[in-house]
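Chemist: Okay, here's the prediction I keep looking at, along with the sequence it came from:
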Amino acid sequence: MQNPISKSRRIISKKGMKELKKSIASLEHDIKMARLSLHDIDKTSGHDELFERVEKLANLEALEESLENKRQILASAVLLPSKRARLQVAIGSIVDLIDQQGRLFRYTLVDSFEANPSDGRISIASPLGSNLVGKTVQDIIEWGNGIKNNQLRLVRIM
């Protein structure tokens with residue numbers, strides 16, 4: 001069965017593209033080292049060496065699968081356009097929001113696989129991200145879980 005990632009286009013930021021390429025290079029290096037490590041094990045040795053070889057083969061297989069997934073993402077990735085209409089929030093938009101206490105929050109809207117809230121990148125599929133899409137400056141963004149609702153005012157789209 002083919003991975004669904006390869007069937008769709010993914011919009012990705014410059015930072016996300018750089019991180020993806022770096023991750024692919026790192027995996028390629030790890031696979032090379034894992035293969036070299038396998039050659040160092042004597043296939044005809046004792047039980048311990050056989051067990052070690054099986055573990056290293058399993059690790060190599062996991063690395064290769066991860067590399068293939070990342071290559072599929074890269075193959076379907078489309079870099080965010082450098083000039084976009086900044087009238088409405090869309091994937092790739094950088095937004096400034098203010099809460100009711102006057103605190104400023106800055107987020108970049110990205111695809112789910114690129115999201116990292118601690119770095120200010122939120123998924124367009126997240127509750128806040130999905131409510132931001134299509135909004136314009138001065139709109140109030142509301143989201144919540146039914147018990148507690150949150151409100152932020154959109155003050156800038158970049």
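Modeler: Good, I have the coordinates.

Chemist: Return the distance of Leu57 relative to Gln151.
Modeler: According to CB to CB, to the nearest Å, Leu57 stands 54 Å off from Gln151. C-beta here means a position set from N, CA and C on the backbone, and glycine is covered the same way.

Chemist: cool, Ile140 as well?
Modeler: Distance, Ile140 to Gln151, using CB to CB: 6 Å.

Chemist: So for this protein, which residue is the most central one in space?
Modeler: Geometric centre of the chain, nearest residue: Glu114, 1.9 Å, by CA atoms, centre = their mean.

Chemist: so where's the longest helix in the chain?
Modeler: helix 47-76 (DSSP state H).

Chemist: Who are the packing partners of that helix?
Modeler: helix 14-39 (3 or more CB pairs under 8 Å, 6 or more residues apart in numbering; DSSP states H and E).

Chemist: what's the average pLDDT for the helix it packs on?
Modeler: For helix 14-39, mean pLDDT rounds to 91.

Chemist: for that helix, which positions count as buried?
Modeler: By neighbour count with 16 or more other CB atoms under 10 Å, helix 14-39 contains the buried residues 16-17, 20, 24, 27, 30-31, 34.

Chemist: I'd like these as JSON lines, with distance to Ala75 appended.
Modeler: Formatted as JSON lines, the buried residues of helix 14-39 follow (distance: CB to CB, whole Å):
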{"residue": "Gly16", "distance to Ala75": "15"}
{"residue": "Met17", "distance to Ala75": "12"}
{"residue": "Leu20", "distance to Ala75": "11"}
{"residue": "Ile24", "distance to Ala75": "11"}
{"residue": "Leu27", "distance to Ala75": "15"}
{"residue": "Asp30", "distance to Ala75": "20"}
{"residue": "Ile31", "distance to Ala75": "18"}
{"residue": "Ala34", "distance to Ala75": "23"}
